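Trainee: Turn this into a structure:
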Amino acid sequence: MNCDNANHEIRVLLQSLPKRRVGNDLHMQLHITASKEAARRQKWANAPELLVRMRNSFELWKANMMRPFAVPCAGGLAAALLVFAMFVHTYPVRANSLMNDQPTALYTDAAAKTLAPFEPPTADAEIEVSINEHGRLADFRVVSGNPALDSEVRHSVERTLLFTEFKPATSFGQAIPSKLRISLRRGASAITVKG
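Mentor: Numbers count the residues shown, from 1 in each chain. Down below sits the predicted model:
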């Protein structure tokens with residue numbers, strides 16, 4: 001019985017305490033939270049409404065984010081096109097550029113710098129000369145014509161090639177071993193060099 005009396009007294013004392021009122025801010029926050037939760041549940045309720053909401057969100061994002069960038073982007077694009085249009089005529093593009101292709105600075109062909117005095121050959125021949133990276137003769141061979149040139153012509157060609165200065169081919173600015181073709185024509189007073 002004592003326990004029941006104690007509980008009753010506690011109840012009476014608690015009821016006699018002044019009641020605390022919920023603040024307006026807390027009341028408003030609870031309403032906002034409940035409203036957001038209801039909207040969230042309704043948002044995922046069906047697919048057509050979800051698509052409409054996604055489209056509306058995209059339109060809002062486009063209006064708020066893209067409009068401020070539209071003018072600077074359009075201005076930058078217009079300036080780039082203007083600069084390109086100003087310089088495009090400076091570098092014309094040839095339709096048949098592969099036929100008249102010029103070597104770039106990345107690779108240059110070998111060439112004869114100075115030719116030694118040459119005795120006119122007594123036979124037509126085309127000679128392939130191998131040049132080392134220092135521009136000196138490394139080897140030569142007869143490519144077309146009479147491969148077994150008579151000994152006088154062969155010695156004349158060897159002397160001429162031995163005292164001829166060559167410019168070696170270059171790749172990325174570095175001299176590399178290369179080959180060069182030289183045409184000998186009967187009765188000619190000079191030789192023809194093909195790169």
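Trainee: Let me see the domain layout of this protein.
Mentor: 23-93, 107-194 (automatic domain parsing).
Trainee: Export those domains to TSV and append columns for distance to residue 9, mean pLDDT and mean neighbour count.
Mentor: C-beta: built from backbone N, CA, C; applies to glycine. Listed next are these as TSV, based on distance: least, Cβ to Cβ, whole Å; pLDDT from 0 to 100; neighbours: other Cβ atoms under 10 Å:
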stretch	distance to residue 9	mean pLDDT	mean neighbour count
domain 23-93	31	82	10
domain 107-194	102	74	15
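Trainee: mind checking which of these is nearest residue 4?
Mentor: domain 23-93 (36.3 Å; Cβ to Cβ).
Trainee: continuing past the longest strand seen in the chain, what's the next helix or strand?
Mentor: Taking DSSP state E as the criterion, the chain has its longest strand at strand 137-145. Using DSSP states H and E, the helix or strand that follows strand 137-145 in sequence is helix 151-162.
Trainee: distance between whichever helix or strand comes after that next one and the chain's centre?
Mentor: Next in sequence after helix 151-162, counting helices and strands by DSSP H and E, comes strand 165-167. Relative to its chain's centre, strand 165-167 lies at 37 Å (Cα atoms, centre = their mean, to the nearest Å).
Trainee: in its sheet, what does the helix or strand just after strand 165-167 sit against?
Mentor: Counting by DSSP H and E, the element after strand 165-167 in chain order, helix or strand, is strand 169-171. Strand 169-171 pairs in its sheet with strand 107-108 (antiparallel), strand 174-176 (antiparallel), by DSSP bridges.
Trainee: Now do whatever helix or strand comes next after the last one: which elements does it pack against?
Mentor: Elements were assigned by DSSP H and E; along the chain past strand 174-176, the next helix or strand is strand 178-184. Applying 3 or more Cβ pairs under 8 Å, 6 or more residues apart in numbering; DSSP states H and E, one finds that strand 178-184 contacts strand 111-114, strand 125-131, strand 192-194.
Trainee: In its sheet, which strands sit next to strand 178-184, and in what direction?
Mentor: Taking DSSP bridges as the criterion, strand 178-184 forms sheet pairs with strand 125-131 (antiparallel), strand 192-194 (antiparallel).
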